[in-house]
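3D, please:
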Amino acid sequence: MSDTNPPKPKRRWYQFSLRTLLVLVTLFAVACSWYAYEMREAAKRRAAIAELEELGALVRYYDPDDTTTPEEYRDGEPPRWYSFLRRLHGDRYLGHAVGFATGNIDDPVTDAHMAHLARLTDLEYITLCRAEITDNGLAHLKDLTKLEYLVIVSPHITDAGLVHLRGLSKLKNVDLVRAQVTDEGVEKLEEALPDCIVGY
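This next block holds a predicted model:
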């Protein structure tokens, strides 16, 4: 007696179950949401940088071949999270600045400008040669956890402003020119940051 049952068709490799399809769609939606979020944040950083560049400030991005940036301000290594987004768009488009400096600018840096700096969380060095920054302005630096070098020329900074720097554990050098700080305030900052040299 012959077998009348037809052979079962072979399952093709590109056939998916409904559960698998739902998982893939969910992952795709999550990836799109993440990408949209990153692009919105990049736009905010670019806007902040544009405001700062109107001062005549110099903004630096990671570039191992940039010999114009002092060697002590360059690690020679890419940021820890050097994602495909950075390779795809570049640090300039994404607003991942690592350095910010002002020289002989017409208008001084104020607390309002410091609020723009707060968005640039990849900053490793900041040099503000002409500033009217107060203690409130220094509060905008408290989340810049990658900051290593800080130079500010302003007569309006006191011991109260130094408190905002105590959590910046990567700071190696702080130079506060013309600041109205005391030996006691500086000692407290150096106690919080034992690897940091503070000049004033």
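
the bottom helix or strand of this structure by mean pLDDT?
Sorting the helices and strands of the chain by mean pLDDT, DSSP states H and E puts helix 84-89 at the bottom, at a mean of 83.

roughly how far out does that one sit from the chain middle?
Its chain's average C-alpha position is 16 Å from that of helix 84-89, according to CA atoms, centre = their mean, to the nearest Å.

equivalent analysis for stretch 99-115, please.
On CA atoms, centre = their mean, the centre of stretch 99-115 falls 17 Å from that of its chain.

and for stretch 117-133?
Using CA atoms, centre = their mean, the offset of stretch 117-133 from its chain centre is 11 Å.

before we move on, what about stretch 127-146?
Here the centre of stretch 127-146 is set off from its chain's centre by 14 Å, with CA atoms, centre = their mean.

ok, and what's touching it?
Residues outside stretch 127-146 that contact it (CB atoms under 8 Å, 6 or more residues apart in numbering): 98, 100-105, 108-111, 114-115, 117-118, 120-124, 126, 147, 149-154, 156-158, 160-162, 164-165, 167-170. Just so you know, the C-beta spots here come from the backbone N, C-alpha and C atoms, and that holds for glycine as well.

could you rerun that using 7 Å?
When contacts are defined by CB atoms under 7 Å, 6 or more residues apart in numbering, stretch 127-146 is touched by residues 101-103, 105, 108-111, 114-115, 117-118, 121-124, 147, 151-154, 156-158, 160-161, 164-165, 167-168, 170.

can you check the distance spanned by that stretch, start to finish?
Taking CA to CA, to the nearest Å, stretch 127-146 runs 15 Å from one end to the other.

average pLDDT across it?
Confidence over stretch 127-146, taken as the mean pLDDT, stands at 95.

likewise for stretch 150-166?
97.

where in this structure is pLDDT low?
For the chain, applying pLDDT under 70 flags the ranges 1-16, 63-83.

ok, then the element right after the longest helix along the chain?
Assignment by DSSP state H gives helix 18-53 as the longest helix of the chain. Counting by DSSP states H and E, the element after helix 18-53 in chain order, helix or strand, is strand 58-61.
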